[in-house]
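Novice: Structure, please.
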Amino acid sequence: MRRIGSTLATLAAAGSLALAVPGSTFAATGFLAIDGVRHDDPKGCFEITRLSTVFNFTDTPALVHNVPGCAGGVVQVIPPGLAVQVPGTHSIFMG
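Specialist: Below is the predicted model:
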C-alpha cells in the first residue's frame, strides 16, 4: 500500500511541475539580434563564435552559457529589452 501511495505522490509532483512551466517549450515572442542578424521568435541554442553584441527584444530572458552548444554553466542572463556584449566561444539559449 505504501508503494502505491509513493507512486501516486511522485506522479502528482511530476504533473504539478509540468503544469508550472507551460511556456518553456515554446519559442520566445519577439526577436533576438546577434551582431545585427535578427532571429524572429527565437528558440534553441545560438552559437557565439566571436565577441558579439546581443539584443534581447523578446518576452523571455536569454541564458548565456560559457561554452558552445548551450552546455556548461549559465554565466549571464540577458533580460528582455536589454543588450550586452557576449564573448566568443559562448552560446545563448532561448527556450
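Novice: Does Val54 lie in a helix or a strand, and which?
Specialist: Using DSSP states H and E, Val54 falls within strand 52-58.
Novice: Okay, buried residues for that strand please.
Specialist: Of the residues in strand 52-58, 52, 54-58 count as buried by neighbour count, 16 or more other C-beta atoms under 10 Å. Where C-beta positions appear, they are placed from N, C-alpha and C, glycine not excepted.
Novice: That one pairs with which strands, parallel or anti?
Specialist: Its sheet considered, strand 52-58 pairs with strand 30-34 (antiparallel), strand 83-86 (antiparallel) by DSSP bridges.
Novice: C-alpha coordinates for that strand, CSV please?
Specialist: Output in CSV follows, covering the C-alpha atoms of strand 52-58 (Å, rounded to 0.1, in the frame of the first residue of the first chain):
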residue,chain,number,x,y,z
SER,A,52,29.2,39.9,-30.2
THR,A,53,26.5,42.4,-29.3
VAL,A,54,23.3,40.6,-28.4
PHE,A,55,20.0,42.5,-28.2
ASN,A,56,17.1,40.6,-26.5
PHE,A,57,13.9,42.1,-27.7
THR,A,58,11.8,39.1,-26.6
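Novice: Give me the distance from it to the chain's centre.
Specialist: Taking the mean of its C-alpha atoms, strand 52-58 sits 13 Å from the chain's own mean (C-alpha atoms, centre = their mean, to the nearest Å).
Novice: What's the first helix or strand after it?
Specialist: Going down the chain from strand 52-58, the next helix or strand is strand 62-65, by DSSP H and E.
Novice: all helices for this structure, in order.
Specialist: 2-20 (DSSP state H).
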